[in-house]
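K.L.:
what's the 3D shape of this:
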Amino acid sequence: MRRVVVYELVSLDGVAESPDRFFGWDDALDAQLGEVIATQDDVLLGRRSYEEWAPYWPTSDVEPFATFINGVAKHVVTSRPLEPAWGGARAVPGDPVAFVRALKDGEGGDIGVHASISLAQSLLAGGVVDVLRLVVAPAVAGSGRRLLDGLPALRLQLQGSEASPTGHVVLDYRVGAA
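P.N.:
Numbers count the residues shown, from 1 in each chain. Coordinates of the predicted model:
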């Protein structure tokens, strides 16, 4: 069975919205991201993330993510048409949890969820996420949407942790219902 891996950039106080306000990259984080995306051949996005990313990534040279996200199959949870068009993207109307259950039963590698706070919350609440990878910035955002707000109790088992030279911490959790 395929795994669903939620990969989120968060501040120390749990804010995931607009990570460019508090997040910085270093070579260690680039390498770690490269390892994560190397196992993924499908990505789930929410509509808002799609609308932000579709104009940016097709012409971006920010590697390793640009090559990955432009080439991977993108499933966008929305009932609206996808505008602008972006190669490999298709709209997925309806229940995202049911869609992910069916996708997990198919062939392939990991299924990634990047950004897409509401979608990540729905999938966590629906019990279909296998791995929660948080990249925690050494900053307090103070305001913004928090990734874990409003979720039911979840049991998380730490699978690994690593600090980057710039003070970011990567936390890898296996997800199981409490």
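
K.L.:
Find the residue closest to residue 21 in space, skipping its chain neighbours.
P.N.:
Residue nearest to residue 21 in three dimensions, not counting chain neighbours: residue 141, with 6.3 Å by C-beta to C-beta, 6 or more residues apart in numbering. Using the backbone N, CA and C atoms, a C-beta is placed for each residue, glycine as well.

K.L.:
And the one you found, its phi and psi?
P.N.:
phi -80, psi -30 (degrees, to the nearest 10).

K.L.:
What about it, how many residues nearby?
P.N.:
Using other C-beta atoms under 10 Å, residue 141 has 21 other residues around it.

K.L.:
Residue 168 now?
P.N.:
Based on other C-beta under 10 Å, the number of other residues close to residue 168 is 21.

K.L.:
Can you verify my assumption that it contacts residue 30?
P.N.:
No. Applying C-beta atoms under 8 Å, one finds residue 168 not in contact with residue 30, separated by 11.3 Å.

K.L.:
what's the spacing between the lengthiest helix in the chain and its chain's center?
P.N.:
The helix that spans the most residues within the chain, counting by DSSP state H, is helix 27-38. The chain centroid and the centroid of helix 27-38 are separated by 13 Å under C-alpha atoms, centre = their mean, to the nearest Å.

K.L.:
That one - contacts with which helices or strands?
P.N.:
strand 4-10, helix 65-71, strand 131-136 (3 or more C-beta pairs under 8 Å, 6 or more residues apart in numbering; DSSP states H and E).

K.L.:
So for residue 50, which of these sits nearest?
P.N.:
For residue 50, the closest of those is helix 65-71, at 10.9 Å, according to C-beta to C-beta.
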